[in-house]
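Trainee: I need the structure of the sequence given here:
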Amino acid sequence: MARLKELLAREFEIKELGRLQYFLRIEVAISKKGIFISQRKYILDLLGETGMLGCKPAESPIESNHKLQVGTEAPSAPGKGLLFSKHDHLRIEVFTDADWAGSLDDRRSTTGYCTLLGGNLVTWRSKKQSVVARSSAEA
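Mentor: Sure, this is the predicted structure:
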């Protein structure tokens with residue numbers, strides 16, 4: 001780490017600020033269990049600015065069959081966040097699935113995938129397909 005800091009200091013003006021706690025409106029807490037990130041402070045600041053600190057949290061409206069969840073939930077209250085746990089491996093795992101003609105309105109399928117690195121979710125996506133699948137293989 002010292003060597004990296006030395007090399008960076010040769011090219012850039014850098015400043016040691018200590019352990020990361022808050023960056024780009026994201027709080028960072030590091031413990032033996034791993035790294036926990038949340039936007040609690042940012043959300044509370046926004047609620048304070050808009051006079052809505054006393055309001056009750058609510059889940060975001062989304063169709064349940066269009067959600068892709070892998071052990072974490074989208075924040076619905078200021079105190080929630082993501083925990084990136086320590087694991088003894090750095091395997092890359094990818095999961096994907098599609099619901100065949102899952103939309104009752106237009107019979108189009110929704111495809112989704114998620115990527116885990118070292119057991120932690122790093123990317124995910126779900127998308128409604130642009131055409132109607134005529135078989136489960138197309139879906």
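Trainee: test my guess that Gly118 contacts His89.
Mentor: Yes - with contact defined as Cβ atoms under 8 Å, Gly118 and His89 form a contacting pair (6.1 Å). To be clear about C-beta, it is placed using only N, CA and C from the backbone, and glycine gets the same treatment.
Trainee: which of these two has more residues huddled nearby?
Mentor: Remark: of Gly118 and His89, Gly118 carries more neighbours, 16 against 9, as counted by other Cβ atoms under 10 Å.
Trainee: what's that one in contact with, if anything?
Mentor: Gly118 sits next to 87, 89-91 when contact means Cβ atoms under 8 Å, 6 or more residues apart in numbering.
Trainee: if you set the cut-off to 10 Å instead, what comes out?
Mentor: Gly118 is in contact with 34, 84-93, counting by Cβ atoms under 10 Å, 6 or more residues apart in numbering.
Trainee: what does Leu20 give?
Mentor: Leu20 touches 26-30, 35, counting by Cβ under 10 Å, 6+ apart.
Trainee: can you check Ser135 too?
Mentor: Trp100.
Trainee: what's the distance between it and Phe95?
Mentor: 21 Å (Cβ to Cβ, to the nearest Å).
Trainee: restricted to strands, list the contacts of Leu20.
Mentor: 26-30, 35 (DSSP state E).
Trainee: ok, so of these, who is nearest Leu17?
Mentor: Val28 (12.2 Å; Cβ to Cβ).
Trainee: could you report the neighbour count for that closest one?
Mentor: Neighbour number of Val28 under other Cβ under 10 Å is 14.
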